[in-house]
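A.B. asks: task: produce atomic coordinates for the following.
(chains A and B)
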There are 2 protein chains.
Amino acid sequence: MGDLINRFRKSARARTGYLGALAVFFGLAAIFPFGKAATAPATEGAKFVFKWFSPFTDPAYQMWEKVGLLAILIVAICGLLYALMLARQVSRAPDGTPRMQAVAAAVREGANAYLRTQFKKIGPLIIVLTVVLFFTSDWRNYPQFGFGRAGAFLIGSLFSWTVGFIGMRLATRGNLKVAAAARSSYGEAMQIGYRTGTITGMLTDGLGLLGGTTIFLIFGEHAYEALLGFGFGGTLLALFMRVGGGIYTKAADVGADLVGKIEKDIPEDDPRNAATIADNVGDNVGDCAGMAADIFESYEVTIVAAMILGLASFGHKGVIFPLLVRGIGVLGSIISTYTVKAGANDTSDTALKSVHRGFWIGSMISVVGFFALGFFYLRFNGVLGTGADIARFPGLDVNNLGVWANFGIQGLDLRPAWTCLIGVMLAIVLNKLTSYYTHTTYAPVKSLAKACQTGHATNIIQGFAVGYESTVMNVLVIAFAIVLSVLVYAGTPPVFVAYGVAMTGIGMLTLTGNTISMDVFGPVADNANGIGEMGYDKAEMEAESPGSYARARQILADLDAVGNTTKAETKGIAIGSAVIAAFSLFSSFIAVIATGSEANIGTMSQLQYDTHAAMLTVAQPMVLIGLLIGGAIPFLFSSMLIRAVGRAAGQIVRECRIQFRDPEIWAGTKKPNYARVVDICTNTAQRELIGPALLAILSPLFVGFLLGPYAMGGFLAGLILVGQLLAVFMANAGGAWDNAKKMIEDGNYGGKGSEAHKAAVTGDTVGDPLKDTAGPALNPMIKVMNMVSLLGLTVVMRFTLRPVEGEPHVISGLIGAGVCLAIIVWAVVTSKKEAPDLVGDDR
Amino acid sequence: MGDLINRFRKSARARTGYLGALAVFFGLAAIFPFGKAATAPATEGAKFVFKWFSPFTDPAYQMWEKVGLLAILIVAICGLLYALMLARQVSRAPDGTPRMQAVAAAVREGANAYLRTQFKKIGPLIIVLTVVLFFTSDWRNYPQFGFGRAGAFLIGSLFSWTVGFIGMRLATRGNLKVAAAARSSYGEAMQIGYRTGTITGMLTDGLGLLGGTTIFLIFGEHAYEALLGFGFGGTLLALFMRVGGGIYTKAADVGADLVGKIEKDIPEDDPRNAATIADNVGDNVGDCAGMAADIFESYEVTIVAAMILGLASFGHKGVIFPLLVRGIGVLGSIISTYTVKAGANDTSDTALKSVHRGFWIGSMISVVGFFALGFFYLRFNGVLGTGADIARFPGLDVNNLGVWANFGIQGLDLRPAWTCLIGVMLAIVLNKLTSYYTHTTYAPVKSLAKACQTGHATNIIQGFAVGYESTVMNVLVIAFAIVLSVLVYAGTPPVFVAYGVAMTGIGMLTLTGNTISMDVFGPVADNANGIGEMGYDKAEMEAESPGSYARARQILADLDAVGNTTKAETKGIAIGSAVIAAFSLFSSFIAVIATGSEANIGTMSQLQYDTHAAMLTVAQPMVLIGLLIGGAIPFLFSSMLIRAVGRAAGQIVRECRIQFRDPEIWAGTKKPNYARVVDICTNTAQRELIGPALLAILSPLFVGFLLGPYAMGGFLAGLILVGQLLAVFMANAGGAWDNAKKMIEDGNYGGKGSEAHKAAVTGDTVGDPLKDTAGPALNPMIKVMNMVSLLGLTVVMRFTLRPVEGEPHVISGLIGAGVCLAIIVWAVVTSKKEAPDLVGDDR
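C.D. replies: Okay, the predicted model is just below:
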């Protein structure tokens, strides 16, 4: 143990060292222009005078636009207040018996310890990156942008962490309340669980909208500068929380199972198993904190993409409209989540219907709302707005649209609302699709359960078939949505098309409040079920009212099943939104290449864009090489995470074995040291996330330095394509295996204990690290790489071996690529170390 | 049974109907130009007079070039004669006891029946496609090209089938000879096995070279027209044989295991199990016929790509040089395969070394050979050759190269030889890499075997980690090789760069003779081991010489292990070559888009190429959509194949159950009806291959008709990327699981019968359909889609909804896309049908 901690300390020190070196490198890169033509991009941009809070002072903004922006701020704050209100409601609910409270407290403490430790470890990195971010901006000409970007990064990462942290804290309280309520009423238990989720959801909505709007109010048409930092901050933290949480949850789960179920043949959640509490903690840090941060980050990145592209296309109206849509979405979520209710004696079917009805109600409110707003707001009459000069876009004519787009009114352009609608539809279809492939009522999961009869292998093989097919359907649906939004903007310049795609992303995440409610409900119900198992006092309950124990347990089991479904459904949205956001950020990427620096993005001409877009052709060998490397990254990343889970589980197994050797613990007379296992999980998860995170941050830069910015573009395309295919495969195959097991445990094909059940357990265990660690982590990974590419692009263009024009910067390119490669290789080699011998001498 | 046959007949009739409709559709498309501007591409090309056998008559060809071409023909024939010689040698070897012969005869008959049935079923399709191919050419202006392409298609498909058929026939004889020889000498058994493989290898070499050279001699600089047909024929047959063989082999394997090992708890290869013979037949049709046809097709396609691009870049010298390299390769294979020997008492290590030494010797001969030939032949002195006009390529200067490329001699250009060398190195590195990830002596397989201790699931999870990682390394190595070959041609026009990549493919497959020897050796040794198990008479052998039975069995087991390794190693080459060939064909694709028809490809200007290449940018939404769809296809294809195996296995299980009910069969006193199971396998494999084959043929056309030729380009890029990643993952994970099982069976971690062994068996069973059905089939699938895209491109450009220029052809585009989509949807829906209940009432 001491050895372990020492090793960890050492590696933490080493990490800080690396990060310091990284910071120094980028700092030097930014400060000393030692490459040729190094200062060119910075000085090329036309100088302008930057004004703070320009939306309030610029005459181009009409009074009611200013009022509208303030109204959005107020809506954001309303969302936060609603969250507060729900939090009070939930906290007033009864806490159950002391025994239940003891179990919940242990889980809560463990979860808090994890996030606190993570915060301490990541803190220095955030500080370093804040400084680096300052230097990635055009700070020599506009120090305001440097401070804006750095500050926004800090705030974005803090928000992301806050959402994860508070969401998890509430979940660890909510589960207890759900378990307590389940003793009396189905409806109440269900409502507490769902509202616990809603709190996190509204927090996401509120903070995301608050951040984006505030940044726009401060920076006006230069919001791009700060928004990138905001998005990157949220994304990076989400990556850490997803990866760390994913490793934690599965390491604890697999470790507990290996040492308990397999080695000692004791049931799951047996209190003698020292890993039991860690297992429950894992559910919270993985599913609540990780997922909340992840969706927050999608919420941020889609608004960042829409605002950036909105400015480049429709001017400030293009920026304000997505904010308005988001505001409507927050209102829709507030109303619709409040309608989700269940009766005292409802079943899981009606509960699920209520959740789905909530989503539909929210969707209707949002769609009506944003079409109504669009009808009054999206009027152009020949000019596009402050940010954009229509002359830059020959062939664009907003005044001559079809009736579908302007409802017959000259100057009206409802296309942004239409693309939002496509997004809402996409979210609904992806929900359905995920549910088809992972729910027990449909053919795929049934086929898995059936395959379990013929053994472990047939179950796994069938899971491959189902998972592969599901990812194909997912990608086809997303492709179809993109085609539709492209058709909406048919004939317009690429920036408008990209804006359409970005607005599809906005539409998709309109109901983030509901989505996160559904998602967080999963682990809350799961944990409540665990608390019921460990904390209910059967004798006492039966004495009070005969049959109440069984009834309460059945309610918890039902809620668990509902939670599993709602949680699974939202995964499709999370991954889909990553693809859409990445897709739309792609245009910003080209715009930066085209103009040499993000500062000039507002002055880009269509010719500039087209010229550089044409270089991203797959006919260009370097782009194709980038595509191959980018496509390989998700596989590598997944492989690293899967191994990390194995290693971390190994540490836990070792510790549990030592504790089992204590005869008192084995006899059940002495409480095992749960905290030690929690500590091990906490520390190994932090350590194991370093490698994958470094890979995500550095590999786009490596490609950029070595093969140039166009290859980076190919890299991103390959990454998005394969990342999405792999993520959905792993998520859905895992979900299907999980539910196939549940189906058999419900008594099909022999039920619990049968050979079929054993095969189903194998499938579930295989699916666990795929669906809870590797799969979901691909989502923030895609976006981190996108963000790093965008942020690092100006540096890369200045120092790469294959610049866009001019002589290659051989020395700086080789140094940059070499440093990145060295760190990546170190990370990969470290991650290849196998787990310590799980069946060793210390058995 | 009768019902089954009827259903099959019906589906066969339905298929013929579809194919007929397809043929009519394309025929009409070609004959009646009902789209706008439909005749434009055909008339735009400059008219020229076509002469047969122009290489003999054209003064641009020097006398010694004509002699050289004839010499290549002679070398090709030498290769075939060498194959004949070896076939005689092998056939003279003793045949063993009558009991052994009986087993071998049953397997041989089954295998022959399969290929004959397949030939009958595919025959009509080939005829129809021959007609279609005629119409895809510019037959109205040059009927010669139509006949050339159609004829070449027919010959290409016949050659591919021949290689597979003869290879398999020989293998089914060779296995008996190996088993017979093993009774006396390790060295002899090993040599017979290896030489059996070499026969197929030299057949591939000889026929491939013969075909390519003959076509060039006949069509000269218009060889492109016929070569496409030749390549497509080979590829299509390879797809059928790979898919059909893959389904057959795994259906028989899984079916036999399910009904035998799992339901009845009898050992593998138990003679009472009616599926035993089918299982052995499967090894031959899958591994021998499928693989041989597959590599033959790679061999064809790489030479097609190199000849097409050679003509477009270096003129006729660019065509003749790859033929010369291939000729050298054939000589190298003849010499080096003859050196592979083992002593009477050698072990598997020394045998493996001998095989590897053979590969090295062959490589050395080839490298020295093609550098020497290049030194004398690749001299240009300012002109490029007949086919190419240097003025079309501004910026190209073959007379001013670095010393590394011209050895200081003005006018010499050794770059083609250098890129060949890169290919040879790539083949060696991919061999090593595959061996690292799948051989028991390295960490990955060891980690799997270790993971088996902790259960089924950990073995599978570790397999994911290993497989994912291996595919990343593979793609990085390939990317690196492409970067190198691009660097060799740095600064030259894209066609030259593409030629460089194509020559890397030529280099990679230089030693096809050795590669196939190594590959076919696998199933031969495997089958020999099976014959030993079923056919050796222990009592008799022990009576003759005590210990001889155990010794002979040990020799066979050793050879089996060697064969597994050599077979696994070559998979890397097969898949790598698919990527390289696809990569280089990409340029031809762009060239056809640029010039409107393949007839004009020789007159393309660099500006034309660049303009259209620029449209293939991933910044273009349609290209990106194409990329997404293309990336999804390999997942869909794999899912279909995995399900097909399950369904086919279900049929077998049902038949075996019926036979087991016969008490005499169960008692072992009556021989089961092996032939009926073989029949079922044969017929289901034929039926099941229809869906995946239709998907492969029609999906690029669907994308083309609906989204236009540029989207087709994106489609191909996505397809190549994901296809290769998935193929290597499945092949290597499967190989690693297989060998982890072998490692445990060798006595590690508890050995046979232990819990670890059960977990290892699960891994092996999961890996089986991945590594033997889905994974290898992706290889011809990639190339079929490439070929279809190339061949269908002119039709697509004329009728697509989104043409390269001009108005969209709405009606024809929708009809084309609709027909393709309808058939694809039918295929996918059919393939989604689950297997009949494996644990049904008829148990």
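A.B. asks: pLDDT weak spots in the stretch 551-700 of chain A?
C.D. replies: Applying pLDDT under 70 to the stretch 551-700 of chain A flags the ranges A:598-603.
A.B. asks: hey, where'd the helices end up in it?
C.D. replies: Counting by DSSP state H, counting those that start in this stretch, the segments of the stretch 551-700 of chain A that form helices are A:606-615, A:621-660, A:663-667, A:674-688, A:690-707.
A.B. asks: quick one, which of those is nearest to A:Tyr248?
C.D. replies: Set against A:Tyr248 and scored by C-beta to C-beta, the helices of the stretch 551-700 of chain A come closest in helix A:674-688, at 4.0 Å. Placement of C-beta: from N, CA and C, glycine included.
A.B. asks: list the contacts of the closest one.
C.D. replies: Helix A:674-688 is touched from outside by A:1, A:4-5, A:8, A:11-12, A:106, A:109-110, A:113-114, A:117-118, A:121, A:243-245, A:247-248, A:251-252, A:255, A:274-278, A:281-282, A:285, A:644, A:647-648, A:651-652, A:655-656, A:659, A:831, with contacts defined as C-beta atoms under 8 Å, 6 or more residues apart in numbering or on different chains.
A.B. asks: quick one: it to helix A:621-660, angle?
C.D. replies: Inter-element angle recorded for helix A:674-688 and helix A:621-660: 160 degrees (by axes from the mean of the first three to the mean of the last three C-alpha atoms, to 10 degrees).
A.B. asks: isn't A:Ile782 right next to A:Ile580, touching?
C.D. replies: No. Look at A:Ile782 against A:Ile580 with C-beta atoms under 8 Å: they stay out of range, at 10.9 Å.
A.B. asks: pLDDT weak spots in chain A?
C.D. replies: Applying pLDDT under 70 to chain A flags the ranges A:1-48, A:381-400, A:598-603, A:834-843.
A.B. asks: near chain B, which residues of the stretch 301-450 of chain A?
C.D. replies: A:443, A:447, A:450 (C-beta under 8 Å from any C-beta of the partner chain).
A.B. asks: ok, and the most crowded of those?
C.D. replies: Most neighbours among these, by other C-beta atoms under 10 Å in any protein chain shown: A:Lys450, with 24 neighbours.
A.B. asks: please name the residues that touch A:Ala251.
C.D. replies: A:282, A:644-645, A:648-649, A:651-652, A:681, A:684-685.
A.B. asks: for A:Pro322, same thing?
C.D. replies: Per C-beta under 8 Å, 6+ apart, neighbours of A:Pro322: A:303, A:306-307, A:310, A:416, A:502-503, A:506.
A.B. asks: can you list which of those residues are found in helices?
C.D. replies: Members of these lying in helices (criterion: DSSP state H): A:303, A:306-307, A:310, A:416, A:502-503, A:506.
A.B. asks: closest one of the residues you listed to B:Thr172?
C.D. replies: Distances from B:Thr172 to the ones in helices among the contacts of A:Pro322, taken by C-beta to C-beta, are shortest for A:Ala502, at 60.7 Å.
A.B. asks: for that closest one, which non-adjacent residue is closest in space?
C.D. replies: A:Ser584 (3.7 Å; C-beta to C-beta, 6 or more residues apart in numbering or on different chains).
A.B. asks: go ahead and confirm the one you found touches A:Val495.
C.D. replies: No. When contacts are counted by C-beta under 8 Å, A:Ser584 is not listed as touching A:Val495 (10.3 Å).
A.B. asks: do you know how far the nearest residue to A:Asn175 once chain neighbours are set aside is from A:Asp283?
C.D. replies: Spatially, and ignoring its direct neighbours in sequence, A:Asn175 is nearest to A:Asn527 (3.7 Å; C-beta to C-beta, 6+ apart). Per C-beta to C-beta, to the nearest Å, A:Asn527 is found 6 Å from A:Asp283.
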